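Enquirer: return atomic coordinates for the entry below.
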Amino acid sequence: MRIAFLVNQFPALSETFILDQIVGLIDRGHEVDIYSNLIGNTDKVHPEVESYQLLNRTFYAQMPTPRTQKVLKALGLIIGKGWQDPGVIVNSLNFRKYKKKATSLRLIYSASRFIGKEPYDIIHCQLGFLGYDGVLFREVANLQGKLMTTFRGSDFMIYMKMFGKNYFDRLFEECDMILTVCEKMREQKIALGCDPNKIIVHRDGIDLSRFEVAPRHIGSDGQVRVLSIARLEENKGIQYGIQAVAKLLPEFPNLQYHIIGDGSIKQELQDLINELQVNDNIKLLGWKQRPEVIEEINAAHILIAPSVLGKNGTQEGIPSVLKEAMAMGLPVISTYHSGIPELIEDGVSGFLVPEWDVEALVEKLGYLVKHPELWPDMGYAGRSFLEKHYDVKKLNDRLVEIYEQVLHS
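Expert: This is a model prediction of the structure:
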């Protein structure tokens with residue numbers, strides 16, 4: 001099959017779930033092209049980006065900022081590509097119909113990427129809001145293929161809060177299939193009017209062969225290492241993790257809390273660490289490549305992911321980092337948020353606490369610190385659950401089946 005992935009940014013260190021699908025489809029003999037709105041950091045990428053030469057498969061809508069350069073480059077696109085498919089150029093400049101998308105020239109930059117491309121079997125939009133890009137490009141650029149959109153969390157509620165609960169109605173109608181990463185999100189969309197027959201739960205898996213499970217024990221140095229891996233945004237709840245560890249330090253001065261990630265509230269979190277005077281025990285490490293992340297997980301004893309519903313409506317699906325930590329035998333602590341309870345069985349592979357509840361986080365984290373004898377059994381329980389439900393190889397096989405189902409429906 002020929003498959004087009006529409007993504008917001010590529011490469012993206014935090015979106016290993018999309019990378020694993022791309023690589024899995026290529027390994028199964030399918031052709032994948034990547035259409036990205038934004039250019040990611042190409043200086044620090046996961047090894048698969050280079051080994052599979054994925055940047056050669058990626059097409060960006062690169063538009064200069066200065067108006068003069070923007071117009072000159074657009075003229076170059078019109079002259080260089082317009083003869084191949086004049087309709088795309090004409091549609092892209094339909095100012096009356098597409099308004100700011102056309103007048104800003106962004107549409108011609110985006111749509112011209114598809115000129116000269118052979119039809120696709122599947123157009124897979126990898127976040128909810130990108131589904132409307134798929135609808136637009138089928139209309140403007142005659143992009144051919146069955147249209148699918150995956151909803152993962154923050155790509156859903158935030159847009160309804162901004163534009164109203166009917167914002168995704170047209171997308172539900174136009175898409176040939178809607179995927180969600182958890183049952184909770186499927187139920188949300190059906191409640192909004194999405195046809196239950198065209199929406200499927202397809203979870204984001206992980207490659208378990210990359211993660212070696214190991215029982216956790218306190219080392220000779222006596223330290224207990226707590227880890228979080230997340231974009232540093234309000235809905236990830238890292239501020240609550242910092243507060244909880246700070247509250248536990250008087251009783252457990254051997255606690256070390258490492259936080260991997262970057263984002264808009266990084267300075268705010270550093271200010272909180274400074275204010276609580278816990279710099280020796282709590283450290284922001286910035287983004288890491290996958291091998292470095294694995295190294296940090298290997299060194300950790302407990303992972304916390306205190307996700308919350310953001311003030312602007314952002315929500316999680318199921319954080320990939322929880323799966324990766326569980327795959328390597330870490331007990332985990334997270335929240336009763338979105339699809340997370342579909343992954344963690346409270347008291348078996350870890351603990352769940354209410355959103356925003358620092359005291360509950362203190363209680364459960366303190367309990368795990370006091371009872372390291374529970375760590376191995378919790379770790380193995382998590383790994384076993386992943387092997388049954390989140391093995392990316394099985395899920396990539398299932399994704400191909402879904403594609404074939406859509407093609408022949």
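Enquirer: okay, buried residues for stretch 157-171 please.
Expert: Within stretch 157-171, the residues that count as buried by 16 or more other C-beta atoms under 10 Å are 157-160, 167-168, 171. Any C-beta I mention is one placed from the backbone N, CA and C, and that applies to glycine too.
Enquirer: same question for stretch 319-338.
Expert: Result for stretch 319-338 [16+ other C-beta under 10 Å]: buried residues 319-335, 337-338.
Enquirer: please apply the same query to stretch 368-378.
Expert: Within stretch 368-378, judged by 16+ other C-beta under 10 Å, the buried ones are 368-369, 375-376, 378.
Enquirer: which of the buried residues of stretch 157-171 lies closest to Asn37?
Expert: Taking C-beta to C-beta as the measure, Asn37 lies nearest Tyr159 of the buried residues of stretch 157-171, at 15.4 Å.
Enquirer: could you confirm the closest one falls within a helix?
Expert: Yes. Assigned with DSSP: H, G, I helix; E, B strand; the rest coil, Tyr159 falls within a helix.
Enquirer: gap between the residue lying closest to it once chain neighbours are set aside and Ile26?
Expert: Of all residues not flanking Tyr159 in the chain, Tyr167 sits nearest, at 5.3 Å (C-beta to C-beta, 6 or more residues apart in numbering). Tyr167 sits 33 Å away from Ile26 when distances are taken as C-beta to C-beta, to the nearest Å.
Enquirer: assign Asn37 to helix, strand or coil.
Expert: Strictly by three-state DSSP, Asn37 counts as strand.
Enquirer: tell me who's in contact with it.
Expert: Asn37 makes contact with 7-9, 60-61, 110, 130, 133, according to C-beta atoms under 8 Å, 6 or more residues apart in numbering.
Enquirer: just give me the closest of those to Glu292.
Expert: For these, the nearest to Glu292 is Gln9 (20.1 Å; C-beta to C-beta).
Enquirer: pretty sure that closest one contacts Asn41?
Expert: No. Judged on C-beta atoms under 8 Å, Gln9 makes no contact with Asn41 at a distance of 9.1 Å.
Enquirer: higher neighbour count, the two?
Expert: Gln9 (16 against 11; other C-beta atoms under 10 Å).
Enquirer: secondary structure element holding the more buried one?
Expert: strand 2-10 (DSSP states H and E).
Enquirer: helices or strands up against that strand?
Expert: If contacts are counted by 3 or more C-beta pairs under 8 Å, 6 or more residues apart in numbering; DSSP states H and E, strand 2-10 sits against helix 16-27, strand 31-39, strand 122-125, helix 131-140.
Enquirer: need these in TSV (columns: distance to Arg106).
Expert: Shown next, in TSV, are these (distance: least, C-beta to C-beta, whole Å):
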stretch	distance to Arg106
helix 16-27	23
strand 31-39	10
strand 122-125	17
helix 131-140	11
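Enquirer: most tightly packed of the ones you listed?
Expert: Highest mean neighbour count among the helices and strands packed on strand 2-10 (mean count of other C-beta atoms under 10 Å): strand 122-125, with a mean of 28.
Enquirer: any idea how far it is from the chain center?
Expert: Relative to the chain's own centre, strand 122-125 is displaced by 16 Å; criterion: C-alpha atoms, centre = their mean, to the nearest Å.
Enquirer: which secondary element of the protein has the worst mean pLDDT?
Expert: helix 157-163 (a mean of 79; mean pLDDT, DSSP states H and E).
Enquirer: ok, then the element right after that one?
Expert: Trace forward from helix 157-163 with DSSP H and E and the next one is helix 169-174.
Enquirer: mind listing the strands the very next helix or strand once past that next one pairs with, and their directions?
Expert: Using DSSP H and E, the helix or strand that follows helix 169-174 towards the C-terminus is strand 177-180. If you go by DSSP bridges, strand 177-180 pairs up with strand 146-151 (parallel), strand 199-201 (parallel).
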